[in-house]
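A.B. asks: Structure for this input, please:
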Amino acid sequence: MFVYYYHIRDKFKHKITAIVIFTGTNKKFAPSFYKEEQLGTGIKYWFNTYKVSEEKITGLALFLRNYVRLNPENDAIFEKKYLQLTNKNKFPMRIQDQVLEIEKKEARKIGRAEGISQGVEQGEEIKARKVIRNLRFVKKFSIELIAEVVEVSPANVRQILDEMGIE
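C.D. replies: Reported below is the predicted structural model:
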């Protein structure tokens, strides 16, 4: 922590606020400073600390992954540590991937709804054709009466009967 502190301070010439996030099962382990002394010379570096429960590690890792920019080497280290902490085989999705996943799910819902609607329409058409066939072939109804019962035009009834080969 201290090494990062003085490198960042030296490079960017800004004051630094450090935040340490502890995870794990040992609730008492949460040091809030670094101290070094040697022959009358010393330094003490304090930092903010937070303890995170095991359940919140995934959410925290996702937050860090999406909002903290790391170089490729540190990114790989972070991913490896994340996998160790969570015992997961897969790294959490980035925001873009989450949005894409949500869009895919919505598209599937719309596709299903359209498919159901189309299926219902096709089912109704098949049923109407069967009714028209039965009314004409079995009951010997006139085309005009069939059109009135099925609520379509007589021309539509004639077309359907012609397609079925029924006079």
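
A.B. asks: When you work out contacts or count neighbours from here on, use the C-alpha atoms and nothing else.
C.D. replies: Noted.

A.B. asks: Any chance you could list what contacts the helix or strand hosting residue 6?
C.D. replies: Assigned by DSSP states H and E, residue 6 falls within helix 2-12. If you take Cα atoms under 8 Å, 6 or more residues apart in numbering as the criterion, helix 2-12 is touched by 14-16, 18, 34, 45.

A.B. asks: Sketch out the low-pLDDT regions of this structure for me.
C.D. replies: Along the chain, segments meeting pLDDT under 70 span 54-55, 57-58, 65, 82, 85-99.

A.B. asks: And it, split by domain according to the record?
C.D. replies: When the chain is parsed with automatic domain parsing, its domains come out as 2-86, 95-164.

A.B. asks: so what's the backbone phi/psi at the residue sitting furthest away from the middle of the chain?
C.D. replies: Note on the chain: the largest C-alpha distance from the chain mean falls to residue 140, namely 57.7 Å (Cα atoms, centre = their mean). The phi/psi pair for residue 140 (degrees, to the nearest 10) reads phi 60, psi 30.

A.B. asks: Show me what the strand or helix carrying residue 36 is packed against.
C.D. replies: Using DSSP H and E, residue 36 sits in strand 33-38. If you count contacts as 3 or more Cα pairs under 8 Å, 6 or more residues apart in numbering; DSSP states H and E, strand 33-38 packs onto strand 41-46.
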